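J.: Show me how the following folds:
(one chain, ligands or ions: 1)
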Amino acid sequence: MSALEELITKAKALQADGHTPGQISDELGLSMETVTWLLTQQKGMEAPKDVHIDWTEVGSHGMLLSDMAMIMLKRFLYLTEEGAIRPTDDTVDTVVGIASSGVPLATLIAAEEGLKLAVYLPAKHSVSETPTGSLSGTFSTVAGQRCLIIDDVVTTGTTLAEAIRFLRRHGATPVAIWSLFDKQGIREVDGVPIRSLFTISRLG
Ligand SMILES: O=P(O)(O)OC[C@H]1O[C@H](OP(=O)(O)OP(=O)(O)O)[C@H](O)[C@@H]1O
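T.: Residues are numbered from 1 along each chain as shown. Predicted structure coming up:
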């Protein structure tokens, strides 16, 4: 089965489980337009110009995931040395992982650096009737903390903007964002610099 066929199968399975196109879009990290196309594939309808990033080959193996987190960390430290990220007294107190895929990366980085770990649960993961973002109570609080935010993929930047608003509202200072993949080529979100290991750009 090709990667595209697998994606179509996944989208249809999620639909059969009762997920809305919006939920399928979040789940697969694709635009609504792409999800509509995957589900219907109407004749003559051109495939949308979206990109699906599948890093399960790395994410499903603890050792490889750890290696990937260490690559992110090394790059972050190099950038700090270059002054690309504004140095503060101690730079970062707390690493904030965005659930779910940012959490293992954030955990590994926090462990390596001896930093605190906080976990942000985005509003889209909330099952409440009025979905709001929150911090997991099991991990660190963020008031007064300088935070490094970690996520795996930036698609629209909406999740990061939401996390930044939440952190600021709760007395934290987001100092930088690190992601594995950036599908937008964004350099900052609400004044917080973002650096990604891989940037996906469309040339045509
Ligand atoms: O830039 P945005 O448009 O906000 O999209 C990016 C977010 O979407 C994915 O999360 P999602 O909750 O869909 O998947 P996950 O559970 O694998 O983290 C990804 O991990 C980012 O957090």
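J.: contacts, neighbours, all on C-alpha from now
T.: Will do.
J.: State the number of residues packed around residue 169.
T.: Close neighbours of residue 169, defined as other Cα atoms under 10 Å, add up to 11.
J.: ugh, typo on my part, it should be residue 40
T.: Quick note: residue 40 (other Cα under 10 Å) scores 12 neighbours.
J.: Could you chop the chain up by domain?
T.: Under the assignment automatic domain parsing, the domains of the chain span 3-40, 56-199.
J.: Would you single out the least confident of these?
T.: Among the domains of the chain, domain 3-40 has the lowest mean pLDDT, at a mean of 86.
J.: Could you single out the most deeply buried of the domains of the chain?
T.: The highest mean neighbour count among the domains of the chain, using mean count of other Cα atoms under 10 Å, belongs to domain 56-199: a mean of 18.
J.: can you tell if that one touches the ligand?
T.: Yes. Counting by Cα under 6 Å from any ligand atom, contacts between domain 56-199 and the ligand involve 98-101, 151-159.
J.: tell me, what residue is most central in this protein?
T.: With distances taken as Cα atoms, centre = their mean, residue 151 lies nearest the centre of the chain, 3.1 Å away.
J.: where's that residue, which helix or strand?
T.: If you go by DSSP states H and E, residue 151 is part of strand 146-154.
J.: Same list (the domains of the chain) but as CSV, adding distance to residue 48.
T.: As requested, the domains of the chain are arranged in CSV below (distance: least, Cα to Cα, whole Å):
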stretch, distance to residue 48
domain 3-40, 6
domain 56-199, 15
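J.: looking at those, which is closest to residue 49?
T.: Closest of the domains of the chain to residue 49 is domain 3-40, at 7.9 Å (criterion: Cα to Cα).
J.: Give me the distance between the two termini of that closest one.
T.: Domain 3-40 has an end-to-end distance of 17 Å (criterion: Cα to Cα, to the nearest Å).
J.: So what touches stretch 103-123?
T.: Stretch 103-123 is touched from outside by 65-66, 68-70, 73, 92-100, 131-136, 139-142, 149-152, 159, 162-163, with contacts defined as Cα atoms under 8 Å, 6 or more residues apart in numbering.
J.: and stretch 24-38, is it in reach of the ligand?
T.: Yes. Contact of stretch 24-38 with the ligand (Cα under 6 Å from any ligand atom) involves 26, 27, 29.
J.: so where do the strands sit in this structure?
T.: Ranges of strands in the chain, per DSSP state E, are 94-98, 116-121, 134-135, 146-154, 173-182, 188-189, 192-199.
J.: Take those and write them to a markdown table, including distance to residue 52.
T.: A markdown table is the format used below for the strands of the chain (distance: least, Cα to Cα, whole Å):
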| stretch | distance to residue 52 |
| --- | --- |
| strand 94-98 | 19 |
| strand 116-121 | 22 |
| strand 134-135 | 27 |
| strand 146-154 | 10 |
| strand 173-182 | 11 |
| strand 188-189 | 22 |
| strand 192-199 | 13 |
